[in-house]
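1. Let me see the structure of the following:
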Amino acid sequence: MNLFREPATKSIHFIGICGTAMAAVAAELHRAGFNVTGSDSGIYPPMSDFLNSQGVSLMEGWHPDNLPMDALVVVGNAVSRGNVELEAALDAGYPLISLPELISRRYLIGRTSIVVAGTHGKTTTSSMIAHILRTAGRDPGWMIGGLPLDLDVPCRYGGGGEFVIEGDEYDSVYFDKRPKFFHYRPRVAVLTSVEFDHSDIYSDIQAVETVFRRFVRLLPRNGRLIVCGDDTRAVTVASGSLCKVETYGRADGSDWRLSDGIESARSDLRGGFTGPNQRRGNIELSLPGEHNLKNALAALAVAVNAGVDINDVLAALRNYRGVRRRLELLLQTDDIDVWEDFAHHPTAIAATLSALREKYPEGRLWALFEPRSNTMTRNYLAGELTESLAEADRVIIGPVHRREKIPAEERLDTDSVARELNKRGVVSTAASSFDDVVSEVEGNWARGDVIVIMSNGDFGGVKERIVGSLKVKP
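-> Below is the predicted model:
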C-alpha cells in the first residue's frame, strides 16, 4: 500500500497547517479518507475558515499532545527547531516529511506536471490553467497557493494525466533548504518573472537567478517552457533550458504577443494577441490590469500546447473569476469600492495600482500597505517601494511586521517612505498602529474613492474593520 495514494492506518499531522499550501493538501488528504489533524499559531481567515469548512481537525497553538499516535508529521517551512511540537516529534521518533516531498510523491509521479514559477503571477496563472483544462473537459489535478473562485477546492487529486501546481522558489523545510519547485518534476513550466525576493534566503539577485536556472534545467528535452518575453532576466534564465521555449508578452518577437490595443472598463478587460501558426484572437477578462492579460496569455499558451481548442480557452478565460486576495473586490457601493490584493513586492504593488488607476481613471486611489514579508520589512527595496506607491493618491503604510526582530539599521523606515511620497504630492501616512490605519480611512474617505488593501498576511484585521465600517457608513 502506498501511503500517499491510499488511506492507511497511520494518521497524518501537519505542523503549521494554516499555510495556504499546507491547508490545501491537508484538506485533500482528509477528503481522500486519511486521518488528518493539524496545528498552528496565530490562526486567521481565510485558511482557518477553509479548514473548518472541510472538517479538518485544527488545533490552536503548539503542544506535544497535539501529535496523534503513529502519525506521519508534515512540517511546514515556517516551522523551525525550538518549536515545542516539532521537538516532541523528534524526541519520539516520528517520521517527518516536507510538504513539497509529499506533493511530489502523492500527486506527480507518472503525470504531466505543469509548474508555474516566477516572482509574480504564480497563483493567478496556475488557477487559470486548471480552470481552462477543467472547463475543456479534462480531469486535471491541481495545487494552487490560494483560494480560486472558479475551482471548488485549492487542491484536487484529479483523475487525468495532468497536474497543475504553483512552483515556489522558497525553501522546502528546515531540514531541506532546496526550493520547493525542485521537487515538482516539471514537464511543462511557465516562468513569469525573475526578481529579487525572499531576502531571508537569497543574498542577492544573482542567487535568485541561480535557483531559477537550476529549475529550468529540470525540464526534459521533450518538455516545454513558456517564459515572459518582457522580463529580460527570465529570458536569460530560460536560455539554459534544454527543451522547447516559447515566449509571451508585449515584447517584439514574442511567440505569443499581446497587441497594443488594450481596452479597459469598470467591468472587464480586453486585449488582442497573435500566436504561432497564425493563431490570433481576443482575451477578455473580468479582472483588471495588463499583468493579468499576460497571465492569461501564458495560461492560453500552456493549454493550446496541451491540445485544448483555442476557442475553448478563450471561452474559459471569459468566465474566469480569479482568486481570493488577488485583486479581489471586497465591497462595492454607490460611494466607494474596496479591493484586496496579496501584493507584497514593489513590482506587484505597481501592477496592482496601475490596474486600478486604469479601471478608475477618475477615482481617488488609496493604497493601504502592510510591510510584512521578510523582504519588505527590511530596507532592501525601500526606493522601489516608494516608486510603486507613488501611483496612488493617498497612501497609508501600516506597522512593520515583527519590527522588534529586525535590526534597526536593516528595518524599513516607513516614516522616510511616507515623507518622500508627501514630497511628490501623494498624501501619505506611516501609521504606528492598525487602529491608526482604520481611523485614517474612516476620517478621510470621500464619495468616489477606491481603496486597495495590500498584505500577504492579516494586516491586524484592518480589512474586516474597514469593510465593516464602510458598509454601515452614515
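2. Ala247 reaches Asp255, doesn't it?
-> Quick fix: residue 247 is Thr, not Ala. Yes. Assessed by CB atoms under 8 Å, Thr247 is found in contact with Asp255 at 5.1 Å. Quick note: C-beta positions are derived from backbone N, CA and C, even for glycine.
3. So between the two, which is more surrounded?
-> Under the neighbour definition other CB atoms under 10 Å, Thr247 and Asp255 were set side by side, and Thr247 has more, 23 against 17.
4. Give me the contacts around the helix or strand where Glu340 lies.
-> According to DSSP states H and E, Glu340 maps onto strand 336-341. Contact with strand 336-341 is made by 325-332, 348, 352, 356, 360, 363, 445, 447-454, 463, 466-467, 470, 473, as judged by CB atoms under 8 Å, 6 or more residues apart in numbering.
5. Next step: those residues restricted to helices.
-> In helices, judged by DSSP state H, the following of those are found: Ala348, Thr352, Leu356, Lys463, Ile466, Val467, Leu470.
6. Just the buried residues from those residues, in ChimeraX please.
-> Restricted to buried positions by 16 or more other CB atoms under 10 Å, the ChimeraX selection for those reads:
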select :348,352,356,463,466,470
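7. Just put the ones in helices among the contacts of strand 336-341 in a markdown table and tack on pLDDT and distance to Leu58.
-> Output for the ones in helices among the contacts of strand 336-341, formatted as a markdown table (pLDDT from 0 to 100; distance: CB to CB, whole Å):
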| residue | pLDDT | distance to Leu58 |
| --- | --- | --- |
| Ala348 | 90 | 30 |
| Thr352 | 93 | 31 |
| Leu356 | 93 | 35 |
| Lys463 | 93 | 21 |
| Ile466 | 95 | 27 |
| Val467 | 94 | 25 |
| Leu470 | 90 | 31 |
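8. which one of the ones in helices among the contacts of strand 336-341 is nearest Ala23?
-> Checking the ones in helices among the contacts of strand 336-341 against Ala23 by CB to CB gives Lys463 as the nearest, at 18.9 Å.
9. now that closest one: how far from Ala367?
-> Between Lys463 and Ala367 the distance is 14 Å, computed by CB to CB, to the nearest Å.
10. Show me the strands in the stretch 1-150 of the chain, by range?
-> For the stretch 1-150 of the chain, applying DSSP state E, counting those that start in this stretch gives strands covering 11-15, 35-40, 57-60, 72-75, 96-98, 112-117, 141-143.
11. quick one, which of the ones you listed is nearest to Pro186?
-> By CB to CB (comparing all of those), the closest turns out to be strand 112-117, at 4.1 Å.
12. Against which helices or strands is that closest one packed?
-> Contacting strand 112-117 under the criterion 3 or more CB pairs under 8 Å, 6 or more residues apart in numbering; DSSP states H and E are the following elements: helix 122-135, strand 162-167, strand 186-191.
13. Please work out which helix or strand belonging to the chain has the smallest mean pLDDT.
-> Ranked by mean pLDDT, DSSP states H and E, the helix or strand of the chain with the weakest confidence is strand 263-264, at a mean of 68.
14. Ala446 - how many residues pack around it?
-> Residues near Ala446, counting by other CB under 10 Å: 9.
15. separation between it and Asn35?
-> Counting by CB to CB, the separation of Ala446 from Asn35 is 54 Å.
16. just Ala390 next, same as before
-> Look at Ala390 and Asn35: by CB to CB, they are 52 Å apart.
17. Helices of the stretch 201-350 of the chain, start to end?
-> For the stretch 201-350 of the chain, applying DSSP state H, counting those that start in this stretch gives helices covering 205-216, 232-238, 290-305, 310-318, 346-359.
18. Among the ones you listed, show me which one is buried the most.
-> Most buried of those, by mean neighbour count (mean count of other CB atoms under 10 Å): helix 290-305, with a mean of 26.
19. So for that one, mean pLDDT?
-> For helix 290-305, mean pLDDT rounds to 96.
20. CA atoms of it as PDB?
-> Provided in PDB are the C-alpha atoms of helix 290-305 (Å, rounded to 0.1, in the frame of the first residue of the first chain):
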ATOM      1  CA  GLU A 290      -2.300  44.300 -18.100                       C
ATOM      2  CA  HIS A 291      -0.400  41.900 -15.900                       C
ATOM      3  CA  ASN A 292      -3.500  39.700 -15.800                       C
ATOM      4  CA  LEU A 293      -3.700  39.700 -19.600                       C
ATOM      5  CA  LYS A 294      -0.100  38.400 -19.600                       C
ATOM      6  CA  ASN A 295      -1.000  35.800 -17.000                       C
ATOM      7  CA  ALA A 296      -4.000  34.800 -19.200                       C
ATOM      8  CA  LEU A 297      -1.700  34.700 -22.300                       C
ATOM      9  CA  ALA A 298       0.700  32.300 -20.500                       C
ATOM     10  CA  ALA A 299      -2.200  30.100 -19.500                       C
ATOM     11  CA  LEU A 300      -3.500  30.100 -23.100                       C
ATOM     12  CA  ALA A 301      -0.100  29.100 -24.400                       C
ATOM     13  CA  VAL A 302       0.000  26.100 -22.000                       C
ATOM     14  CA  ALA A 303      -3.500  25.000 -22.800                       C
ATOM     15  CA  VAL A 304      -3.200  25.300 -26.600                       C
ATOM     16  CA  ASN A 305       0.100  23.300 -26.400                       C
END
